[in-house]
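In: got a structure for you, letters missing:
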């Protein structure tokens with residue numbers, strides 16, 4: 001293992017780390033070297049909520065759950081609408097996949113070496129079963145935005161995470177069957193879709209080579225950080241960071257990034273493109289509206305009653321949390337709900353910014 005991994009206490013890698021390395025080296029340094037963790041989000045918390053309950057119900061072979069488990073971590077974002085959504089996920093999943101795994105086949109951990117210069121990779125497979133010829137891997141994936149989901153079995157065969165899982169458990173099996181259990185949060189009638197694909201080991205080998213190549217970029221990042229310090233490193237990755245920091249709603253480390261650029265005149269927000277602002281990261285108005293919409297839709301509100309309830313709830317939330325700035329996406333300003341909300345936001349002297357590009 002490269003000495004810099006040891007120097008900075010990096011004992012393992014994961015596919016999620018590699019995705020961060022490719023998207024935002026600065027965020028990876030913040031999280032893995034400086035141990036700066038961003039706050040949880042509604043989306044990640046909902047995913048954990050679903051996974052925790054699926055794990056418990058699979059282990060206990062609960063066909064029709066009567067109790068939903070809500071962890072302390074989930075309580076911050078949990079709303080009544082989550083429970084019926086979770087139960088619908090479970091009902092549809094069991095109809096599509098009625099086989100019960102053994103207890104030892106649930107949440108199966110692995111640790112695997114891929115390259116002498118890299119720490120070992122670790123991970124956890126949601127459900128892992130085997131036959132004489134196949135290793136069968138299931139991955140539960142909660143999805144808020146359908147556009148980010150795999151569409152075809154071919155998409156599944158190219159998934160780096162699933163290929164890593166297959167490689168970790170290949171042993172003497174002829175092939176691997178990987179299964180994406182897609183749990184769509186915003187689809188009501190049939191929110192679960194299962195995509196399956198069979199992997200050939202030659203294709204898995206190609207995927208592992210790509211993973212190793214991407215992972216070795218971490219050494220270059222560590223070398224730059226080790227030489228430049230955090231301020232110099234922030235300057236060196238500035239261009240990439242500014243083009244990716246709004247991915248998935250914004251980077252929680254952007255204020256710290258700004259603080260590192262001590263020699264640069266701070267840019268300001270404008271209404272055409274969100275850049276770096278004062279001391280408060282804009283709140284994603286889309287996320288707040290979506291959460292309120294789910295809650296009130298479950299109560300049966302329709303059209304204008306629904307819109308009024310959402311506007312009132314989100315406006316109260318912004319006031320209660322003393323929000324200083326919000327951002328919207330292209331096209332949202334013309335929507336009835338957003339139009340009413342933006343008027344209220346302006347009255348409260350909350351800054352409004354648009355994510356473009």
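Out: Nice, thanks for sending it over. As the structure is a prediction and not an experimental result, all values here were calculated from the model. Numbering: from 1, shown residues only.
In: Need the contact partners of stretch 106-126.
Out: Under the criterion C-beta atoms under 8 Å, 6 or more residues apart in numbering, residues 1-2, 5, 10-15, 51, 54-55, 58-59, 127-128, 137-140, 161, 164-165, 167-169, 181, 208, 211-212, 215-216, 218-219 lie in contact with stretch 106-126. Bear in mind the C-beta positions are built from the backbone N, C-alpha and C, glycine included.
In: Kindly apply the preceding question to stretch 205-225 instead.
Out: Here stretch 205-225 makes contact (C-beta under 8 Å, 6+ apart) with 2, 4-5, 8, 13, 15, 17-18, 21-22, 25, 28-29, 33, 114-115, 117-118, 158, 160, 163-164, 167, 233, 236.
In: And the residues you listed, which of them are buried?
Out: Buried members of the contacts of stretch 205-225, scored by 16 or more other C-beta atoms under 10 Å, are 2, 4-5, 13, 15, 17-18, 21, 25, 28-29, 33, 114-115, 118, 158, 163-164, 167, 233, 236.
In: Now, those that are in helices?
Out: Among those, the subset assigned to helices under DSSP state H consists of 4-5, 15, 17-18, 21, 25, 28, 163-164, 167, 233, 236.
In: farthest pair in those residues?
Out: Within these, 167 and 236 form the most distant pair, 33.0 Å apart (C-beta to C-beta).
In: neighbours of residue 52, just the number please.
Out: 17 (other C-beta atoms under 10 Å).
In: quick one: it and residue 69 touch, right?
Out: Yes: between residue 52 and residue 69 there is a contact at 5.8 Å, judged by C-beta atoms under 8 Å.
In: so what pLDDT did residue 210 get?
Out: Note on residue 210: pLDDT of 96.
In: let me fix that: residue 327
Out: Confidence score, pLDDT, at residue 327: 76.
In: same question, residue 101
Out: The model's pLDDT for residue 101 equals 94.
In: Look up the closest residue to it, ignoring the ones flanking it.
Out: Once flanking residues are discounted, residue 101 sits nearest to residue 127: 5.1 Å by C-beta to C-beta, 6 or more residues apart in numbering.
In: If that neighbour is in a bridge, with which residues?
Out: residue 106, residue 138 (DSSP bridges).
In: Tell me, how many residues neighbour it?
Out: Counted by other C-beta under 10 Å, the residues lying close to residue 127 total 22.
In: my guess is it contacts residue 165, does it?
Out: No: Residue 127 lies out of contact with residue 165 (C-beta under 8 Å); the separation is 10.8 Å.
In: can you list residues touching both of the two?
Out: residue 137.
In: Assumed residue 142 was part of a strand.
Out: Yes: assignment of residue 142 by DSSP: H, G, I helix; E, B strand; the rest coil places it within a strand.
In: for it, what are its contacts?
Out: 43, 46, 47, 50, 51, 183, 185.
In: Sort these by pLDDT and name the bottom one.
Out: When the contacts of residue 142 are compared by pLDDT, residue 43 scores lowest at 83.
In: Assign a three-state SS to the residue located most distally from the centre of the chain, would you?
Out: In the chain, the residue that sits farthest from the middle, by C-alpha atoms, centre = their mean, is residue 132; the gap is 34.5 Å. Following three-state DSSP, we place residue 132 in the coil state.
In: Would you mark the buried spots in stretch 121-141?
Out: Quick answer for stretch 121-141 (16+ other C-beta under 10 Å): 121, 123, 125-129, 135-141.
In: State the pair within those that is farthest apart.
Out: Farthest-apart pair in the buried residues of stretch 121-141 is 121 and 129; separation 21.5 Å (C-beta to C-beta).
In: Buried residues in stretch 50-67, which are they?
Out: 50, 51, 52, 53, 54, 55, 57, 58, 59, 65.
In: Determine how far it lies from the middle of the whole chain.
Out: 22 Å (C-alpha atoms, centre = their mean, to the nearest Å).
In: Let me see the residues that make contact with it.
Out: 68-69, 71, 74, 86-87, 89-90, 93-94, 100-101, 103, 106-107, 126-127, 140, 142, 183.
In: Give me the buried subset of the residues you listed.
Out: For the contacts of stretch 50-67, buried by 16+ other C-beta under 10 Å: 68, 74, 86, 89-90, 93-94, 101, 106-107, 126-127, 140, 142, 183.
In: hmm, back to that, in TSV: the buried residues of stretch 50-67, plus distance to residue 194.
Out: TSV is the format used below for those (distance: C-beta to C-beta, whole Å):
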residue	distance to residue 194
50	15
51	16
52	20
53	18
54	13
55	18
57	17
58	15
59	20
65	20
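In: Check what pLDDT residue 174 gets.
Out: We note a pLDDT of 85 for residue 174 in this prediction.
In: do the one 10 residues further on as well
Out: You'll see residue 184 listed with a pLDDT of 93.
In: hey, what's it bridged with?
Out: residue 143.
In: Same check on the one 10 residues further on?
Out: Judged by DSSP bridges, the bridge partners of residue 194 are residue 181.
In: do you know how far the residue nearest the centre of the chain is from residue 109?
Out: Here the mean C-alpha position of the chain is nearest to the C-alpha of residue 44 (C-alpha atoms, centre = their mean), at a distance of 5.7 Å. From residue 44 across to residue 109, the span is 20 Å (C-beta to C-beta, to the nearest Å).
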